[in-house]
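K.L.:
Build me a structure from this.
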Amino acid sequence: MADATVAEEEYLQTIFWLHEAGLPMTGANVARAMQLSAPTVHEMVGRLVRDGYITRAADKSISFTDEGLEQAQQVVRRHRLIERFLTDVLKVPWDDVHEEAERLEHAMSPNLEARMLAAIGDAKTCPHGHPIEPGTRIEGVPLGDCEPGAKVTILRFENEAEDLLHLFKAEGLEPGYEGVVKTVDDEHVTFELDGREGTLTRSVAETVSVLADPSPPPRIALPEQLVLGKERYGR
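P.N.:
Numbers count the residues shown, from 1 in each chain. Prediction:
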């Protein structure tokens, strides 16, 4: 089988994120997540089926083939590894690394990947909280679902659009930070994390996965709720 094209790798990343998050793997959800038209996604899904990366059932649900899952995991691992390397080793701010990783991930050799792994030490996640080694994701709940007074630990940002990453940083959120939810209403969530207060709209807070005590039921925001960036939703 020929190597996946850059465009195919972009789609495989998005489909893998749906798979990882436990969301329905459908062309409609891929279109919502990537902010692309249904006909454009339909055409690429057909290519991915033709090239042996996915299968499509009668109900239009998508499944990875063994080759497709391996290819998707490789590109996701490279992307998250590059983000961690850029942040920890090159000291690029963590809210500026996502698009850089998007550009670099498609051309990295196995030798460079091994050197980057050695350089980041025992880091287990990208700077936005996603596991570098796929399959080790910790289940979280949306910050927007938590009740006032809940103690929370930030796990990850489900939407990595860079304008949102800039917002999260400005409001004092970072994976690993601990704190408490202060107020919740229909429009906003306020919180104190690492000794600093911040505010997010309820819809944006739904894209921040946390561990919470007390905890609401586990839930992942649907892709249409995640499309909040000015640009297309990149994974």
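K.L.:
which ones are touching R80?
P.N.:
Counting by Cβ atoms under 8 Å, 6 or more residues apart in numbering, R80 makes contact with A101, T125, C126, H130, P131, I132. Bear in mind the C-beta positions are built from the backbone N, C-alpha and C, glycine included.
K.L.:
how would you label it: helix, strand or coil?
P.N.:
helix (DSSP: H, G, I helix; E, B strand; the rest coil).
K.L.:
check contacts around the spatially closest residue to it that is not a sequence neighbour.
P.N.:
Spatially, and ignoring its direct neighbours in sequence, R80 is nearest to C126 (3.7 Å; Cβ to Cβ, 6 or more residues apart in numbering). By Cβ under 8 Å, 6+ apart, C126 lies in contact with H79, R80, L81, E83, R84, I132.
K.L.:
out of the contacts of R80, who has the most neighbours?
P.N.:
Within the contacts of R80, most neighbours by other Cβ atoms under 10 Å means C126, with 28 neighbours.
K.L.:
Quick check, pLDDT for it.
P.N.:
Per-residue confidence (pLDDT) for C126: 95.
K.L.:
Repeat that for R235.
P.N.:
Residue-level confidence at R235 comes out at 35, pLDDT.
K.L.:
Roughly how far does A57 sit from T65?
P.N.:
Distance of A57 to T65, computed by Cβ to Cβ, to the nearest Å: 13 Å.
K.L.:
okay, those two: which has more neighbours?
P.N.:
Using other Cβ under 10 Å, the more surrounded residue of A57 and T65 is T65, with 16 against 10.
K.L.:
can you count the residues close to V210?
P.N.:
30.
K.L.:
in which helix or strand would I find the residue lying closest to it once chain neighbours are set aside?
P.N.:
Once flanking residues are discounted, V210 sits nearest to V152: 4.3 Å by Cβ to Cβ, 6+ apart. V152 belongs to strand 151-157 when assigned by DSSP states H and E.
K.L.:
Show me what that strand is packed up against.
P.N.:
Here strand 151-157 touches helix 162-170, strand 178-184, strand 188-193, strand 208-213, going by 3 or more Cβ pairs under 8 Å, 6 or more residues apart in numbering; DSSP states H and E.
K.L.:
what's the distance between that strand and the middle of its chain?
P.N.:
Computed by Cα atoms, centre = their mean, to the nearest Å, the chain-centroid distance of strand 151-157 equals 14 Å.
K.L.:
quick revisit: would you reformat the helices and strands packed on strand 151-157 as CSV and include mean pLDDT and distance to V49?
P.N.:
Formatted as CSV, the helices and strands packed on strand 151-157 follow (pLDDT from 0 to 100; distance: least, Cβ to Cβ, whole Å):
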stretch, mean pLDDT, distance to V49
helix 162-170, 91, 31
strand 178-184, 96, 43
strand 188-193, 95, 41
strand 208-213, 95, 31
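K.L.:
could these be laid out in CSV, adding distance to P24?
P.N.:
Below are the helices and strands packed on strand 151-157 laid out as CSV (distance: least, Cβ to Cβ, whole Å):
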stretch, distance to P24
helix 162-170, 23
strand 178-184, 28
strand 188-193, 26
strand 208-213, 18
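K.L.:
for these, which one sits closest to E9?
P.N.:
helix 162-170 (19.3 Å; Cβ to Cβ).
K.L.:
Using CSV, write out the CA atom coordinates for stretch 201-217.
P.N.:
Extracted C-alpha coordinates of stretch 201-217, given in CSV (Å, rounded to 0.1, in the frame of the first residue of the first chain):
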residue,chain,number,x,y,z
THR,A,201,-18.5,31.1,27.6
ARG,A,202,-20.4,28.0,28.4
SER,A,203,-19.9,26.6,24.8
VAL,A,204,-16.2,27.1,24.9
ALA,A,205,-16.0,25.6,28.5
GLU,A,206,-17.7,22.5,27.1
THR,A,207,-14.5,21.8,25.0
VAL,A,208,-12.2,21.7,28.0
SER,A,209,-12.0,18.2,29.5
VAL,A,210,-11.4,18.0,33.3
LEU,A,211,-11.4,15.7,36.2
ALA,A,212,-14.0,16.9,38.6
ASP,A,213,-15.2,16.3,42.2
PRO,A,214,-18.2,16.1,42.3
SER,A,215,-18.2,14.9,38.7
PRO,A,216,-21.0,15.3,36.1
PRO,A,217,-21.6,12.3,33.8
